[in-house]
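Asker: Predicted model and sequence below, questions to follow.
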Amino acid sequence: MIINKRIMRSSNEKQVLQQIINEGPISRSQISRNLALNKVTVSDIYNQLLHRGIIREIGLGASTKSGGRRPLMGILNTDRDFVVVISLQKRQLELLVGRLDASEISRQQIPVAGINLTAVMDLLTAKLTALVTSSAKVLVGMIFAVDGTVASNRIITTELSGLEHFDLAKYFRDQFQVPVIIENKANLAAIFERDFVSRPDEANVLTLWLDHQVQVGIVADGRLYRGHEGRAGEIGSAYLNEALAVSVDERVSQQALIDQLQPLLDSGTLSEASLKQAIKAHDEAVMACLTTWSKDVAVVIQRLTINFAPDVIVLNAEILDWDPSLLAMIQHELKWLKPVITIPVILTQDHIETMLLGGLAAIIHHALGLDELTLRFKQPRNEP
């Protein structure tokens, strides 16, 4: 039986499954206590989930202090099903395969530079077909991560030519008969911060995604906020400086910074090594460029803070992974702005990894029919 959102779970069933995912291994009696639900109700739901193979039992737990019978402990069944995350980029596709507890099964990169859209879709279909037929597990959902705007599970704008007029979700849903989600990368990075990073007092998180475009992933009161037609967080086209008619993308995106830095380097090519070397040597031109960029990023952060009042802002850019000292430069520039920013401004753990794992969390929510409930995943582990 394929798990998917078309299974309409009752509120009680969703809460019981949420408890098993977040707190497992857990007993029926503990679920009953945690949810303040009748033991018979919990036991009926638990047995249904067990019968359908959604959960499994792993043995006996500890007895109670009064010496009662040791309870059977249940956990999410991760032996049967898998999900797939596909990151779409101009030069390559990245494919992550994972279990329903967000542990990784495998990943691969697929070069697609110079290949037209039809050929890319055929290549990806062949890869996924081979994956499905060779696996002992069942595919129960897939998600596509894109740079751009997504609304109603369709791509509205993207730098990838042809995808704006192509119903990607329907194409792969028809091919594999599973739920298919399309989501932008900033939102997926925000989902990672919500589902993988423990922040009990931070229900309002902004992820500032700096890549070819500047976007914001918004988690408000623990829920992802997309806004009208999925355009919440689409700040890249807004003016950073109205007098000069300069957009945020033109000054703050990572691509804009790369375009400014590359001519200043002896090699003419920006890499992690060349950037670190230039910063270590205090190259005057490079440092001036980085200072200007840091000031512009600080202005964006200030505007986001004033408009959204988040608990924390998480910066997400590959170039920040290369040299975290750039964060110190941005934080320094924030001190000169009024009003003073008092909320934490931090770096994410890894630019691409957080987006992929956010995608993994999003499709797990969807495949299990738990889109609106909080799920907590442990940091990923690679297993055979």
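Answerer: It's in.
Asker: can you list contacts of stretch 346-361?
Answerer: By Cβ atoms under 8 Å, 6 or more residues apart in numbering, the surrounding residues in contact with stretch 346-361 are 83, 85, 87, 94, 96, 98, 102, 107, 143, 145, 183, 185, 187-193, 195-196, 207, 312-318, 320-321, 324, 327, 375, 377, 380. C-betas here are computed from N, CA, C, even on glycine.
Asker: In ChimeraX, select just the buried ones from those.
Answerer: Only the buried members of these enter the following ChimeraX selection, criterion being 16 or more other Cβ atoms under 10 Å:
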select :83,85,87,94,96,98,102,143,145,183,185,187,188,189,190,191,192,193,195,196,207,312,313,314,315,316,317,320,321,327,375,377,380
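Asker: So which of the contacts of stretch 346-361 are in helices?
Answerer: Using DSSP state H, the members of the contacts of stretch 346-361 that fall in helices are 185, 187-193, 195-196, 318, 320-321, 327.
Asker: Among those, which one lies nearest to residue 249?
Answerer: Nearest to residue 249 among the ones in helices among the contacts of stretch 346-361 is residue 185, at 14.7 Å by Cβ to Cβ.
Asker: what's across from residue 110 in the sheet?
Answerer: According to DSSP bridges, the residues that bridge with residue 110 are residue 93.
Asker: who's in contact with it?
Answerer: Under the criterion of Cβ under 8 Å, 6+ apart, the contact partners of residue 110 comprise 92, 93, 94, 95, 123, 124, 127.
Asker: now do residue 45
Answerer: Each residue near residue 45 by Cβ under 8 Å, 6+ apart is listed here: 12, 13, 16.
Asker: any idea how far it lies from residue 29?
Answerer: In this structure, residue 45 lies at 13 Å from residue 29, with Cβ to Cβ, to the nearest Å as the measure.
Asker: any idea how far residue 154 is from residue 124?
Answerer: From residue 124 over to residue 154 the distance is 18 Å, taken as Cβ to Cβ.
Asker: With neighbour numbers in mind, choose between those two.
Answerer: When residue 124 and residue 154 are compared for neighbours, residue 124 comes out ahead with 20 against 17, by other Cβ atoms under 10 Å.
Asker: Find the nearest non-adjacent residue to the more buried one, please.
Answerer: Once its chain neighbours are removed from consideration, residue 124 has its nearest residue in residue 93; the separation is 6.4 Å (Cβ to Cβ, 6 or more residues apart in numbering).
Asker: need the contact list for that neighbour.
Answerer: Contacts of residue 93 by Cβ under 8 Å, 6+ apart are 86, 87, 109, 110, 112, 120, 124.
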